[in-house]
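next one to model:
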Amino acid sequence: MASEANVRGLVKKAKTRDPEAFGMLYDEYVDQIFRYVYYKVGNLTESQDLTGQTFLKAFENINSYEMRDVAFSSWLYRIAHNLVVDFFRRESKRESVPIDDQPPTASPGEIRSNRSWRTSRASASTRPCRSSRTTSGKSWS
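Numbering: from 1, shown residues only. Below you'll find the model as predicted:
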C-alpha cells in the first residue's frame with residue numbers, strides 16, 4: 001500500500017495527464033475496486049467491465065478530484081458505487097423471461113426438416129410450369 005504522500009504526488013502528476021502516474025494509481029487500487037464491484041454485482045464479466053469504466057471515468061475526470069480530506073481511494077469507490085447503481089437500474093429495466101415461460105425451441109432435426117421444406121417449396125414456386133395445360137384444362141399447344 002502506497003503512502004498518502006506518494007498517492008498525492010501521483011495524483012498531481014496524473015492531473016497533468018501523465019499516463020505513467022495514472023498507471024501507478026491504477027496498479028495501486030484496481031484490485032480493491034474490483035473486489036468491491038464483484039461483491040456488489042456477483043458477475044465476473046460485469047465486474048471487470050465496471051472496474052474498467054471506473055478507472056476510465058477517473059482518468060477523464062481526474063482534474064475534478066480535489067485533494068482535501070477525502071482519500072483518492074474514496075473518490076474511486078464513489079465512482080464505482082455510482083456505476084454499480086447505474087448497472088442495477090439498467091438491469092431492472094431489462095425484461096427477463098424465466099426459462100419455464102419461454103416458448104419451446106425446435107430440435108436440430110426439426111430445423112433441418114423445416115429448412116428443406118421451405119427450400120423445396122420456394123424452388124417449386126419459382127420453377128417454370130412444364131405442363132402445356134392450364135388450370136382450366138385447356139391446352140394451348
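
name the element Arg78 belongs to?
In this assignment (DSSP states H and E), Arg78 forms part of helix 72-93.

contact partners for the residue lying closest to Asn63 once chain neighbours are set aside?
Here the nearest residue to Asn63 in space, its sequence neighbours aside, is Lys15; by Cβ to Cβ, 6 or more residues apart in numbering that works out to 5.6 Å. Where you see a C-beta, it was placed from the backbone N, CA and C, and this is true even at glycine. Applying Cβ atoms under 8 Å, 6 or more residues apart in numbering to Lys15 gives the contacts Ile62, Asn63, Tyr65.

how many other residues sit next to Ala58?
Burial of Ala58 is recorded as 23 neighbouring residues (other Cβ atoms under 10 Å).

for Ala21, give its distance to Tyr36.
Taking Cβ to Cβ, to the nearest Å as the measure, Ala21 and Tyr36 are separated by 23 Å.

ranking helices and strands of the chain by mean pLDDT, which lands last?
Of the helices and strands making up the chain, the lowest-confidence element is helix 108-126, at a mean of 56, by mean pLDDT, DSSP states H and E.

what about the protein, any weak spots by pLDDT?
When the per-residue scores of the chain are filtered using pLDDT under 70, the ranges that remain are 1, 94-97, 99-141.

for the contacts of Lys15, give me JSON lines that also has neighbour count and secondary structure.
Conversion of the contacts of Lys15 to JSON lines gives the following (neighbours: other Cβ atoms under 10 Å; DSSP: H, G, I helix; E, B strand; the rest coil):
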{"residue": "Ile62", "neighbour count": "19", "secondary structure": "helix"}
{"residue": "Asn63", "neighbour count": "10", "secondary structure": "helix"}
{"residue": "Tyr65", "neighbour count": "16", "secondary structure": "coil"}
